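Enquirer: What shape does this take:
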Amino acid sequence: KSCIKGEHVTIGKSIRVYLDDATVTGIRYAELVNWTGQAIVCPRNRLNELKDWPEASKPGIYFLFEGHFSDTKPLAYIGESEDVARRLTNHDRNKDFWSEVIIFTSKDSNLTKAHIKYLESSLVNISKNANRYNLENSNSPTESSLPRADSDAMKEFIENMRMVIGVLGYSILEPILKSNYSSNNIDDIPEPIEDSLSNLFFSVNNISARGAVTDEGFVLKKGSQFSTDNTESIPGKILSIKNQYITNGKIINDNDTLVASEDILLSSASYAAAMVAGTSRSGPQSWKTASGKTMKKIEDESLKNA
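Expert: Numbers count the residues shown, from 1 in each chain. From the prediction side, this is the model:
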């Protein structure tokens, strides 16, 4: 965002992606227009080809990613090196879980060891807070001390990395709920707010839940409660997902009440309502704002005013 006369204005960005062999699964090179950073995506089975990419042999940051084949959170590892391509040779021998790497380096020579250590520490913390991947990093790297100008430059570098890595298909740095979707505990008393799809409520049979509509779907907020009973009308897929979340700890038993231990992203409001109630429910009719307006009414008004 940019500030013009005291107002925040969103400015669009352009990202160019080059497909080395014209396939979306091969080696890709990505850059954000007017940014000195650059990214290279490489499948593990093609690491030997990185020798033809001098961009990969610079000081930089790299992300190792597990393939998207599991029902649990995928694994990832964040590292740094003064010669990323050489470091990846070691990881090819010593780390089994990953299938693809994304490398970030700079087009100029201004990324120092202190810079990449700062980036590594910050990115590990951001990823842990986003909570979309299980990090294989055993320890949180120590953040190097930088002059204020350099620190601000690295913060901007991280924001650009976040955009590029997201476009490349990995949301590791994206929180499930942005700050304007405040994920307070369900027991907190909500402040009266203007009707908004970012703060929705659903109560049934003495249980209550909070949620938000996001660009990715519908988020059940941490602290939301769930029925311990499930009727035959609950869709089988939802029951399966609910049981899976109980097994992996996303939903826990707290004094005989099932509670979300973290923000849970689902594909629709109806899925979320059914999971909470333990029976088939219409999400747009079930979820309401603090003032009592249904999600459906808000959506209808939005379409009418479009």
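Enquirer: which stretches of the stretch 51-200 of the chain form strands?
Expert: 60-66, 75-81, 98-106, 134-135, 200-204 (DSSP state E, counting those that start in this stretch).
Enquirer: Compare those and report which one is nearest to residue 126.
Expert: strand 75-81 (9.4 Å; CB to CB). Yep, even glycine has a C-beta here, placed from its N, CA and C like the rest.
Enquirer: centre of the chain versus the closest one, how much separation?
Expert: 16 Å (CA atoms, centre = their mean, to the nearest Å).
Enquirer: Numbering from 839 from now on, please.
Expert: Got it, first residue is 839 now, which makes that one strand 913-919.
Enquirer: what is the mean pLDDT for it?
Expert: In this model, strand 913-919 has a mean pLDDT of 95.
Enquirer: on contacts alone, who are the packing partners of that strand?
Expert: strand 898-904, helix 922-932, strand 936-944, helix 951-968, strand 972-973 (3 or more CB pairs under 8 Å, 6 or more residues apart in numbering; DSSP states H and E).
Enquirer: Tell me the helices and strands packed up against the first one.
Expert: On a contact count with 3+ CB pairs under 8 Å, 6+ apart, strand 898-904 meets strand 913-919, helix 922-932, strand 936-944, helix 951-968.
Enquirer: I'd like those as TSV, with mean neighbour count appended.
Expert: Shown next, in TSV, are those (neighbours: other CB atoms under 10 Å):
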stretch	mean neighbour count
strand 913-919	22
helix 922-932	15
strand 936-944	22
helix 951-968	19
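Enquirer: The ones you listed: which one's closest to residue 1074?
Expert: strand 913-919 (28.4 Å).
Enquirer: all strands for the stretch 1039-1144 of the chain, in order.
Expert: Counting by DSSP E, counting those that start in this stretch, one finds strands in the stretch 1039-1144 of the chain at the ranges 1045-1052, 1055-1058, 1063-1064, 1089-1092, 1095-1098, 1102-1104.
Enquirer: quick revisit: looking at the strands of the stretch 889-1038 of the chain, spot the one closest to residue 873.
Expert: So among these, strand 936-944 is nearest, using CB to CB, at 9.3 Å.
Enquirer: Which pLDDT value belongs to residue 958?
Expert: pLDDT at residue 958 comes out at 96.
Enquirer: What's the local residue count around residue 891?
Expert: 17 (other CB atoms under 10 Å).
Enquirer: got the contact list for it?
Expert: 865, 867, 878, 923 (CB atoms under 8 Å, 6 or more residues apart in numbering).
Enquirer: Adding pLDDT, write the residues you listed out as TSV.
Expert: Formatted as TSV, the contacts of residue 891 follow (pLDDT from 0 to 100):
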residue	pLDDT
865	97
867	98
878	98
923	93
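Enquirer: can you put the strands of the stretch 889-1038 of the chain in CSV and add distance to residue 991?
Expert: Output for the strands of the stretch 889-1038 of the chain, formatted as CSV (distance: least, CB to CB, whole Å):
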stretch, distance to residue 991
strand 898-904, 14
strand 913-919, 16
strand 936-944, 11
strand 972-973, 25
strand 1038-1042, 39
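Enquirer: Narrow the contacts of residue 891 to those in helices?
Expert: residue 923 (DSSP state H).
Enquirer: between the contacts of residue 891, which is closest to residue 987?
Expert: residue 878 (27.6 Å).
Enquirer: Spatially nearest residue to the closest one, not counting backbone neighbours?
Expert: residue 941 (4.6 Å; CB to CB, 6 or more residues apart in numbering).
Enquirer: phi, psi of residue 888?
Expert: When read as degrees, to the nearest 10, the backbone of residue 888 gives phi -70, psi -20.
Enquirer: quick one on the thing from earlier: export the strands of the stretch 1039-1144 of the chain as TSV, with columns for mean neighbour count.
Expert: Output for the strands of the stretch 1039-1144 of the chain, formatted as TSV (neighbours: other CB under 10 Å):
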stretch	mean neighbour count
strand 1045-1052	22
strand 1055-1058	24
strand 1063-1064	22
strand 1089-1092	14
strand 1095-1098	19
strand 1102-1104	19
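Enquirer: out of the ones you listed, which comes closest to residue 917?
Expert: Going by CB to CB, the one of the strands of the stretch 1039-1144 of the chain nearest residue 917 is strand 1102-1104, 26.7 Å.
Enquirer: mean confidence for that closest one?
Expert: For strand 1102-1104, the mean confidence score works out to 94.
Enquirer: Who are the packing partners of that strand?
Expert: strand 1055-1058.
Enquirer: Give me the mean pLDDT for the strand it packs on.
Expert: 96.
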